[in-house]
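>>> Sequence plus the predicted model coming up.
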Amino acid sequence: MNVARPEGYAVLGLGLFGNAIARTLAELGHRVLAVDRDLAAVEAVGPEVAEAVQADATDREALRALHISRYEVVFNTIGDLDASILCTLALRELGVRRIIAKVNSTQQARVLQRLGVQEILFPERDMGQRVARQVAAGFALGALTELGPDAALAEITVPDVLLGRSLAEAELRRRYGVTVVAVRRPGQEPGAPERVVVSPRPDFVFGPGDHVLVAGLNSDLERLSRSGA
């Protein structure tokens with residue numbers, strides 16, 4: 001028996017969120033099928049992806065005609081509750097391997113979980129929580145990447161008190177409980193590419209313009225941010 005090779009990613013629903021997923025996956029070199037019943041949305045993303053189709057993603061036969069079960073991952077980014085449910089049911093019946101669903105409410109999340117969807121995205125809520133935590137901790141937006149509910153990876157500009165000191169002398173792990181993962185150092189000449197030092201040695205000396213990636217508990221990262229090291 002021949003098993004069809006997974007064909008990449010399918011994105012069902014081309015609102016702002018679905019559009020961003022489809023375009024980004026395509027930019028990363030992946031084959032993407034983009035589907036929406038709105039022709040304008042399909043035409044907007046069409047030049048960016050491998051295939052863009054105007055179709056009703058709640059129609060099981062339409063999805064079957066697109067060979068949706070061949071795709072490694074299918075994103076259901078349909079916002080309307082009823083349409084999202086019908087789409088999910090069709091995907092499950094057609095044997096899609098992995099479904100990632102965007103939801104707009106906890107009710108929608110509960111319903112899709114009951115239908116067997118294990119991976120739920122709640123972008124507005126999640127982004128709101130992320131922004132609040134970063135601002136409250138004193139970090140610039142985009143400087144914090146969550147590693148879990150209580151831990152994160154943060155990027156800080158090396159403070160003046162660390163300039164000229166080695167990693168061993170800084171004692172960031174003992175003083176703040178954080179681990180230095182990497183250091184981004186600007187090029188020595190204008191326009192020169194930056195240098196990235198991963199897992200710097202204890203004798204690594206911090207210099208001006210360095211950006212330090214540190215991992216730790218949110219509470220420890222907040223102490224580090226507010227202390228100036």
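Good, I have the coordinates.
>>> Not counting residues beside it along the chain, what's closest to Ala90?
Spatially, and ignoring its direct neighbours in sequence, Ala90 is nearest to Arg60 (4.0 Å; Cβ to Cβ, 6 or more residues apart in numbering). In short, each C-beta sits where N, CA and C put it, glycine included.
>>> Correction: the previous question concerned Leu63.
Ala90 (5.4 Å).
>>> residue contacts, that neighbour?
Counting by Cβ atoms under 8 Å, 6 or more residues apart in numbering, Ala90 makes contact with Ala57, Thr58, Asp59, Arg60, Leu63.
>>> Spatially, which two of these are the most separated?
Pairwise distances across those (Cβ to Cβ) peak at 9.9 Å, for the pair Ala57 and Arg60.
>>> Just want to know which of those two has more residues nearby.
Ranked by neighbour count (other Cβ atoms under 10 Å), Ala57 and Arg60 place Ala57 first, with 29 against 17.
>>> how much space is there between the more buried one and Asn218?
38 Å (Cβ to Cβ, to the nearest Å).
>>> With Thr58 instead?
Distance, Thr58 to Asn218, by Cβ to Cβ: 40 Å.
>>> next one: Ser166
Here the criterion is Cβ to Cβ. By it, Ser166 lies 27 Å from Asn218.
>>> Tell me the bridge partners for the residue nearest to Glu51 when sequence neighbours are not counted.
Spatial nearest neighbour of Glu51, excluding adjacent residues (Cβ to Cβ, 6+ apart): Leu33 at 4.8 Å. Beta-bridge partners recorded for Leu33 (DSSP bridges): Ala10, Glu51.
>>> what sits against Leu33?
Under the criterion of Cβ under 8 Å, 6+ apart, the neighbours of Leu33 are Glu7, Gly8, Tyr9, Ala10, Val11, Val49, Ala50, Glu51, Ala52, Val53, Leu66, Tyr71.
>>> make it 10 Å
7-12, 22, 49-53, 66-68, 70-71, 74 (Cβ atoms under 10 Å, 6 or more residues apart in numbering).
>>> Tally up the residues packed near the residue lying closest to Arg97 once chain neighbours are set aside, please.
Nearest-residue entry for Arg97: Glu72, 6.4 Å, with adjacent residues in sequence omitted and distances by Cβ to Cβ, 6+ apart. Glu72 has 15 neighbours, counted by other Cβ under 10 Å.
>>> separation between the closest residue to Thr179 other than its chain neighbours and Thr106?
Spatial nearest neighbour of Thr179, excluding adjacent residues (Cβ to Cβ, 6+ apart): Ala215 at 5.1 Å. Remark: distance between Ala215 and Thr106 (Cβ to Cβ) = 30 Å.
>>> Neighbour count for the two, which is higher?
Legend: neighbour count by other Cβ under 10 Å for Ala215 and Thr106, higher for Ala215 (17 against 11).
>>> Then that one would be within a strand, right?
Yes - applying DSSP: H, G, I helix; E, B strand; the rest coil, one finds Ala215 inside a strand.
>>> Where does pLDDT dip in this structure?
Under the criterion pLDDT under 70, the flagged ranges of the chain are 1-6, 133-134, 136-143, 228-229.
>>> would you list every one of the helices in this protein?
For the chain, the helices defined by DSSP state H cover 16-27, 39-45, 60-65, 81-93, 106-114, 123-136, 167-170, 172-176, 218-227.
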